[in-house]
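**Student:** Quick one, fold the following:
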Amino acid sequence: MTLRALDTLKRADVVAAEDTRVTRGLLNHFGISAKLVALHEHNERGSAARVAGWIAAGKSVALVSDAGTPAVSDPGAELVAAVRAAGHRVVPVPGASALSAALSASGIAFEGVVFAGFLPAKGSARREKLAALAAGPWAIVLFEAPHRIAQTLDDLHAALGERDVVIAREITKRFETIARVPLAQARPWVEADADRRRGEFALVIEGRAVQTSAGPDPRAVLEALLAELPLKQAVSLAAKITGARRNALYALALELKG
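**Tutor:** Below is the predicted model of the structure:
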């Protein structure tokens, strides 16, 4: 919990919460007495206009979710869209993020990352999503619930092949666990200890290895060019074709001519 978040909650006239029971415990802990209302996936669309009305009337509304960031694989996107459409400001108050925290502690190098949220639970939608993720070259971050973690690791291995996965459990919480294992060993790893299947999961999977083909052989290219062109012109063209250093090619050309 950041100082800015505490200040925001203390100043809020209304706190819209994914689960009022969870958030009430948080507010009580910090001595905050703002009005608390429920806003979750089942009532978000209907509540959005009500929240926008409060803001239009000059009230400040804070939106919180239980164990994540509002609108990031949690309720909130429809409310944010409605408030923006009504011409009001939406101000992010960043806190702990499982996404960035798992990436920073993964040890996996990446040039790009696909955040896929939660996979579809089953069926063709799940298979299609896995196939699309497998086709890309980027590292992948997924969220997963405890009752599906073992099957998801199995499915990831089948779809993505021999890659490493970082299993980050309960990030920033008391029982935080972070382990890097090959996908082939991931399901046995979580099933070896019941505690490893508890809590909320962020999975970081390394990107697909990109196969690079070898470039043209500088000697062969230079030999062919020297047969048709003057030495300097052959060296210049060989450098463009092969990407080799001009000085090294010049020395090789002198050797071949000699």
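
**Student:** Averaged over its residues, which helix or strand of the chain has the lowest pLDDT?
**Tutor:** The weakest-scoring helix or strand in the chain, judged by mean pLDDT, DSSP states H and E, is helix 246-257 (a mean of 84).

**Student:** From residue 182, how far out is residue 156?
**Tutor:** Going from residue 156 to residue 182 by Cβ to Cβ, to the nearest Å gives 11 Å. C-beta coordinates here come from the backbone N, C-alpha and C atoms, glycine included.

**Student:** okay, and the common contacts of the two?
**Tutor:** By Cβ atoms under 8 Å, 6 or more residues apart in numbering, residue 156 and residue 182 have these common neighbours: residue 165.

**Student:** more neighbours, the two?
**Tutor:** Neighbours per residue (other Cβ atoms under 10 Å) separate residue 156 from residue 182, with residue 156 holding more: 24 against 12.

**Student:** does the more buried one really touch residue 183, like I thought?
**Tutor:** Yes - the pair residue 156 / residue 183 is scored as a contact, 5.7 Å apart, by Cβ atoms under 8 Å.

**Student:** what residues are shared contacts of the two?
**Tutor:** Shared contacts of residue 156 and residue 183, counting by Cβ under 8 Å, 6+ apart, come down to 165, 205.

**Student:** Do a quick rundown of the strands in the stretch 51-200 of the chain.
**Tutor:** 61-64, 113-118, 139-144, 164-169, 177-182 (DSSP state E, counting those that start in this stretch).

**Student:** These into CSV, with extra columns for distance to residue 128 and mean pLDDT?
**Tutor:** Shown next, in CSV, are the strands of the stretch 51-200 of the chain (distance: least, Cβ to Cβ, whole Å; pLDDT from 0 to 100):
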stretch, distance to residue 128, mean pLDDT
strand 61-64, 32, 96
strand 113-118, 12, 94
strand 139-144, 15, 96
strand 164-169, 20, 97
strand 177-182, 25, 96
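
**Student:** Make JSON lines out of those strands and add distance to residue 46.
**Tutor:** Converted to JSON lines, these look like this (distance: least, Cβ to Cβ, whole Å):
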{"stretch": "strand 61-64", "distance to residue 46": "15"}
{"stretch": "strand 113-118", "distance to residue 46": "24"}
{"stretch": "strand 139-144", "distance to residue 46": "26"}
{"stretch": "strand 164-169", "distance to residue 46": "34"}
{"stretch": "strand 177-182", "distance to residue 46": "39"}
